[in-house]
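[1] Have a look at this prediction, sequence included:
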Amino acid sequence: GESVGLHLPTLSVQEGDNSIINCAYSNSASDYFIWYKQESGKGPQFIIDIRSNMDKRQGQRVTVLLNKTVKHLSLQIAATQPGDSAVYFCAETGGATNKLIFGTGTLLAVQP
Amino acid sequence: GAVVSQHPSRVICKSGTSVKIECRSLDFQATTMFWYRQFPKQSLMLMATSNEGSKATYEQGVEKDKFLINHASLTLSTLTVTSAHPEDSSFYICSARDLGTYNSPLHFGNGTRLTVT
C-alpha cells in the first residue's frame, strides 16, 4: 500500500490558541486535497477540502492553505478547543488515479 | 450527510481462521470503495480499490489471495482476511465515494479492530 512516512509528529497547544498543522504532499499531479480528523478508535472524519485551482479555503474555525509550488498544505484551527485533540491527516488525490493517499498525520494535543 | 457503516467494529479470531468485514454505504451508492489498513500510530495505508461488479485492484505488496474483496452491489463491499495470522492484527477501515462524483471527499466507516491470537 501507499503511505507517506511512519512517524506521528505531535503538536501541543494551549486551549484558545490557534493551531497550524502542516503537510507535504508527494504527487505534483494531485489536484484535490482533503484534511481529515481521526479520533482514537474511529475512522477519519472530513474537515475541509481544497482543489488545486485555489490556494485558500475557509470553513468554520478552520482554514486550509495550498502552496502548489512547494507541494505544501496547511490546516489552521482557530481558538483550539479540547475537543480538537485528535490525529489530523492530509490526503491527496488526482492525476491518473482515483485513489486517496494519506500523509503522515499529526497528533494535536490541546492543553486546558 | 453520507454514512458508511462498517461491521464488526471489533473481532478476535484464532490464527488460521478467516474473518469477513462488511462495509455498507447507507444513504448513497458507491461504484468504488476503498480498503485501508492502519497500524498503531501510523497513517492509513491503501490496500485495495473495490469496484462494483468487477475485480478489486490491489496495491503493491498486498496479497489478493489473502485479502479477498467482493463488491457485489452499489452499497456493499466485503473484505475477508483468509487464514489470519497475528501479523494481520490491525485496524481495517473502508471508505466510499458517492456515485457520479469526482473529486469529492471519501466517507469513512468507523473501522474494524482485528486481533488474531
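    Nice, I can see it.

[2] Alongside chain B, which residues does chain A contribute?
    When proximity is defined as C-beta under 8 Å from any C-beta of the partner chain, chain A approaches chain B at A:1-6, A:8, A:31-32, A:34, A:36, A:41-46, A:49, A:51, A:89, A:91, A:93-94, A:98-105. No exception for glycine: its C-beta is placed from N, CA and C like everyone else's.

[3] Show me just the buried residues among these.
    A:1-4, A:32, A:34, A:36, A:42-44, A:46, A:49, A:89, A:91, A:93-94, A:98-105 (16 or more other C-beta atoms under 10 Å in any protein chain shown).

[4] ok, residue B:41 - contacts?
    residue A:8 (C-beta atoms under 8 Å, 6 or more residues apart in numbering or on different chains).

[5] nope, residue B:96 is what I meant
    B:2, B:4, B:23, B:25, B:28, B:30, B:32, B:33, B:34, B:77, B:106, B:107.

[6] Which of the three states applies to the residue nearest to it when sequence neighbours are not counted?
    Leaving aside its chain neighbours, residue B:96 sits nearest to residue B:30 (3.6 Å; criterion: C-beta to C-beta, 6 or more residues apart in numbering or on different chains). Three-state call for residue B:30 (DSSP: H, G, I helix; E, B strand; the rest coil): coil.

[7] Residue B:30 contacts residue B:52, correct?
    Yes: Residue B:30 is within contact range of residue B:52, at 7.5 Å (criterion: C-beta atoms under 8 Å).

[8] pretty sure residue B:87 is in a helix, no?
    Yes: if the criterion is three-state DSSP, then residue B:87 is within a helix.

[9] State the number of residues packed around it.
    8 (other C-beta atoms under 10 Å in any protein chain shown).

[10] what's it in contact with, if anything?
    residue B:116.

[11] Which of the helices or strands spans residue B:92?
    strand B:90-96 (DSSP states H and E).

[12] Show residues contacting the helix or strand that that strand is followed by.
    Going down the chain from strand B:90-96, the next helix or strand is strand B:107-108, by DSSP H and E. Strand B:107-108 is contacted by residues A:36, A:43-46, B:1-4, B:25, B:28, B:93-98 when judged by C-beta under 8 Å, 6+ apart.

[13] residue ranges with poor pLDDT in chain B?
    Where chain B drops to pLDDT under 70, the residues are B:1, B:99-103.

[14] Which residues of it lie near chain A?
    Counting by C-beta under 8 Å from any C-beta, chain B sits next to chain A at B:4, B:6, B:32, B:34, B:36-37, B:41-47, B:49, B:59-62, B:93, B:95, B:97, B:103, B:105-111, B:113.

[15] Go ahead and build a PyMOL selection from the buried members of these.
    For the buried members of the residues of chain B next to chain A, the matching PyMOL selection, counting by 16+ other C-beta under 10 Å, is:
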select buried, chain B and resi 4+6+32+34+36+37+42+43+44+45+46+47+49+59+62+93+95+97+105+106+107+108+109+110+111+113
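
[16] partners of the lowest-mean-pLDDT helix or strand in chain A, with directions?
    Ranked by mean pLDDT, DSSP states H and E, the helix or strand of chain A with the weakest confidence is strand A:97-102, at a mean of 85. Within its sheet, strand A:97-102 is paired with strand A:86-94 (antiparallel), according to DSSP bridges.

[17] looking only at pLDDT, what's the mean for the partner strand?
    The average pLDDT within strand A:86-94 is 94.

[18] if we can go back for a sec, can you dump the C-alpha atoms of the least confident helix or strand of chain A in CSV for me?
    What follows is strand A:97-102, C-alpha atoms only, in CSV (Å, rounded to 0.1, in the frame of the first residue of the first chain):
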residue,chain,number,x,y,z
THR,A,97,-5.8,7.7,-10.3
ASN,A,98,-8.9,7.9,-8.2
LYS,A,99,-7.0,6.8,-5.1
LEU,A,100,-6.8,8.9,-1.9
ILE,A,101,-3.4,8.8,-0.4
PHE,A,102,-2.8,9.8,3.2
